[in-house]
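Asks: Quick check, what structure comes out for this input:
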Amino acid sequence: MIHLVSRRALFSPVVNYAASYLCLQRGAQPVAIAPAAAPMRTPCIQQCGDFGLGTMASEAELREVIRLATKVERDNWFRAGSAVGEWDVKQFGHLVRYWLARMADIPPSVLTFAQAKAMDSSTDYGELLNEWASEATIGAETARVREILLGVGHSADLNAPVEAALWDACHSRLNIDGYAWSAVFVVSCIRGAAIELGIERELGGLHVGRDELLLADDAHHGYVVKAFERRFGPESRDGTYHAFRPDEHPVRPAQVGDIIVMDRQADFIADVVNFDDIPTLLLSEYVWHGDIVVDVASSYVETIGGNLDAGVKRRRLPLNPNGDGTLLVDREQLFTQEDDSGNLPALPVVDSAEGLNDRSTGRIFTLLSLVGSCKMLSTTDVRSGH
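Replies: Residues are numbered from 1 along each chain as shown. Alright, predicted model coming up:
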């Protein structure tokens with residue numbers, strides 16, 4: 001298990017007076033700070049790096065599940081070694097899966113059932129695959145297919161979000177403005193990992209852990225703003241994604257499971273979104289893109305993102321040559337992207353021309369990274385493996 005010390009753990013060790021514990025940060029030396037009248041009992045340590053309520057998945061485990069899930073998704077968009085696009089009827093089920101995951105109201109058991117039905121070869125999407133279908137026809141078809149995805153005995157409250165997911169997937173396939181699916185791709189990968197590890201689950205009839213790791217949104221700025229607020233806002237908390245500067249100091253190296261977000265809209269480096277402006281952009285129509293880190297090498301990271309050339313592709317982004325593991329954010333330094341044959345060009349690639357290349361790393365303005373929550377363990381718990 002990887003143990004991160006959160007900013008809440010940076011304060012001096014404190015005593016749990018109710019239990020008269022001597023509490024320490026993991027790895028710290030014992031320091032007796034209890035009042036003289038308080039008897040010293042079982043020492044305890046602060047363990048950081050866990051996620052979820054009750055299940056307490058480790059950070060290392062969570063990052064690995066995200067990595068594997070994202071890599072599987074990339075393979076879903078290549079057939080016989082060649083890329084396939086969103087217009088391919090065989091890919092429609094994947095678009096439906098992503099948009100279903102965006103609907104946070106759908107509980108985990110229903111979501112996994114509906115996603116499986118979305119990929120079932122017996123599921124008839126009918127007129128949803130007809131690019132000439134009228135809006136009225138599409139509306140009627142979403143109601144019909146919704147019954148297939150939900151099955152019998154479902155709550156009527158789920159009708160609207162499932163129909164909305166089908167509608168959005170249909171418009172994504174046709175590449176209609178306003179229905180880009182790169183954000184819901186990220187949400188689907190992260191939410192799937194949360195459900196697999198029990199971070200999001202159903203407990204006693206309650207939907208627990210909804211939006212726990214990442215806000216389910218159909219736009220990148222939605223989950224980015226929430227990650228910023230969870231770090232800096234008045235209700236900040238750990239056990240979730242936080243927003244960091246790409247060159248954060250103390251150094252925050254890029255890791256598997258991180259989300260790299262860039263500004264796809266800016267024409268000049270001066271126009272790229274400023275990290276400090278993130279909380280003011282909630283209602284703004286910015287064109288952003290996020291990729292999930294799936295591998296980290298000595299000089300670059302490899303990412304996977306959705307809605308890239310109408311499919312899912314790998315990218316390679318350079319790290320700073322000083323070896324601190326942070327992303328190289330520079331107007332002239334480019335990232336590379338996988339082609340339709342699965343070839344991913346090597347780095348470095350440089351463009352010194354004026355303006356801002358579409359693949360300039362200067363477009364990167366934030367790195368979302370997992371920050372575990374902390375809990376207190378007595379030394380008795382540690383010895384017993386709890």
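
Asks: ranges for the strands of the stretch 201-350 of the chain?
Replies: 201-203, 206-208, 240-244, 259-263, 288-296, 300-308, 311-318, 336-337 (DSSP state E, counting those that start in this stretch).

Asks: any idea which of those strands is most buried?
Replies: strand 259-263 (a mean of 25; mean count of other C-beta atoms under 10 Å). C-beta here means a position set from N, CA and C on the backbone, and glycine is covered the same way.

Asks: one step back: to residue 135, which of the strands of the stretch 201-350 of the chain lies closest?
Replies: strand 300-308 (22.6 Å; C-beta to C-beta).

Asks: which neighbours does the closest one have in its sheet, and in what orientation?
Replies: Strand 300-308 sits in its sheet next to strand 288-296 (antiparallel), strand 311-318 (antiparallel), going by DSSP bridges.

Asks: ok so, going back, any idea which of the strands of the stretch 201-350 of the chain gets closest to residue 112?
Replies: Closest of those to residue 112 is strand 201-203, at 11.0 Å (criterion: C-beta to C-beta).

Asks: and that closest one, what does it pack onto?
Replies: Counting contacts by 3 or more C-beta pairs under 8 Å, 6 or more residues apart in numbering; DSSP states H and E, strand 201-203 is packed against helix 108-119.

Asks: what does the average pLDDT come to for the helix it packs on?
Replies: Throughout helix 108-119, pLDDT has a mean value of 98.

Asks: go on, stretch 157-172?
Replies: 96.

Asks: can you list the residues that contact that stretch?
Replies: 86, 92, 95-96, 98-100, 102-103, 105-106, 110, 114, 128, 138-139, 141-143, 145-146, 149-150, 178-181, 184, 218, 307 (C-beta atoms under 8 Å, 6 or more residues apart in numbering).

Asks: Enumerate every residue touching residue 309.
Replies: Taking C-beta under 8 Å, 6+ apart as the test, what residue 309 contacts is 83, 85, 337, 340.

Asks: most surrounded residue in the residues you listed?
Replies: residue 83 (20 neighbours; other C-beta atoms under 10 Å).

Asks: And the pLDDT for that one?
Replies: Looking at residue 83, its pLDDT reads 98.

Asks: contacting residues around it?
Replies: Contacts of residue 83 were listed using C-beta under 8 Å, 6+ apart, and they are 77, 309, 311, 313, 338-342.

Asks: low-confidence ranges in the stretch 251-386 of the chain?
Replies: Flagging of the stretch 251-386 of the chain using pLDDT under 70 yields the residue ranges 282-285, 375-386.

Asks: Filter the contacts of stretch 157-172 down to the buried ones.
Replies: 86, 92, 95-96, 98-100, 102-103, 106, 110, 114, 128, 138, 141-142, 145-146, 149-150, 179-181, 184, 218, 307 (16 or more other C-beta atoms under 10 Å).

Asks: Let's see which of those residues end up in strands.
Replies: Counting by DSSP state E, the buried ones among the contacts of stretch 157-172 place residue 307 in strands.

Asks: which residue packs closest to residue 259, ignoring adjacent ones?
Replies: residue 368 (4.0 Å; C-beta to C-beta, 6 or more residues apart in numbering).

Asks: which ones are touching that neighbour?
Replies: Residue 368 makes contacts with 214, 223-224, 227, 241-244, 258-261, 290, as judged by C-beta under 8 Å, 6+ apart.

Asks: okay if I get these as TSV plus distance to residue 362?
Replies: TSV is the format used below for the contacts of residue 368 (distance: C-beta to C-beta, whole Å):
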residue	distance to residue 362
214	25
223	22
224	18
227	21
241	23
242	23
243	18
244	17
258	19
259	18
260	13
261	13
290	17
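
Asks: And for the closest residue to residue 333 other than its chain neighbours, the neighbour number?
Replies: Among residues not flanking residue 333 along the chain, residue 361 sits closest, at 4.8 Å (C-beta to C-beta, 6+ apart). Here the number of neighbours of residue 361 (other C-beta under 10 Å) works out to 21.
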